[in-house]
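Enquirer: generate coordinates for the sequence data below:
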Amino acid sequence: MLIGITGGIGSGKSVLCDVARDMGFYVISADKIGHDILRKGSSAYNEVVEIFGEGILSENGEIDRKKLGRLVFSDKEKLMLLNKITHKRITEEICDIISSRRGEVIVLEAAILHESGLSEKCDVVIAVVAPENVRLQRILKRDLLSQPEAVQRIRSQKSNDFYRKNADYTIQNNGDMEKLIAEGTKIFKEVANGKV
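Expert: Okay, the predicted model is just below:
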């Protein structure tokens, strides 16, 4: 069984992934795979450096994700270009992992679940949505971005309504982590027991 978790940046998807791990499910993070494919020597590294220039590199030659983020989140065309390079590779790797773990309950966390077409492989899709102020607080604390950068990233993604309309379950995260964990646990139990 494949359970998709989606929602915008800072909505609380990673908290649900922790719940899924604690319940013994196998978790795939599209974001982590996205980080891995940008590492020096990996599949997307050369293409990204060639297109966006050496100004995105840190002193050790790795891609500095903050520098790259500043560049692409302020320019829609550059963001689309980066997505074109990375999304295909991320999707391929996710499909390889899914096919190698048949028979398990797999939880796939991806902000781009629908855009990548991966939602069509999911048996169930759970959306985590949160008000912009809750998301903003989480991102500022976690990613050490400036407020304008954080707002830019939130607004570069789909709306909460989009995630709601394209999900089997929606969890509203208002910043109460205990409530988020309780709702996530309840839904995972229902889904895993076939009560969909």
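
Enquirer: neighbours of residue 137, how many?
Expert: 14 (other C-beta atoms under 10 Å). (Each C-beta comes from the backbone N, C-alpha and C, glycine too.)

Enquirer: just to be sure, it is in a helix?
Expert: Yes: the assignment for residue 137 (DSSP: H, G, I helix; E, B strand; the rest coil) places it in a helix.

Enquirer: in what helix or strand does residue 178 lie?
Expert: helix 177-192 (DSSP states H and E).

Enquirer: residue 168 against residue 124, yeah?
Expert: Yes: counting by C-beta atoms under 8 Å, residue 124 is a contact partner of residue 168 at 4.9 Å.

Enquirer: list the helices and strands the helix holding residue 178 packs on?
Expert: For helix 177-192, the elements it packs on are helix 13-22, strand 124-129, strand 169-172, judged by 3 or more C-beta pairs under 8 Å, 6 or more residues apart in numbering; DSSP states H and E.

Enquirer: make TSV from those and add mean pLDDT and mean neighbour count to it.
Expert: Compiled in TSV, the helices and strands packed on helix 177-192 are given as follows (pLDDT from 0 to 100; neighbours: other C-beta atoms under 10 Å):
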stretch	mean pLDDT	mean neighbour count
helix 13-22	95	19
strand 124-129	97	24
strand 169-172	96	20
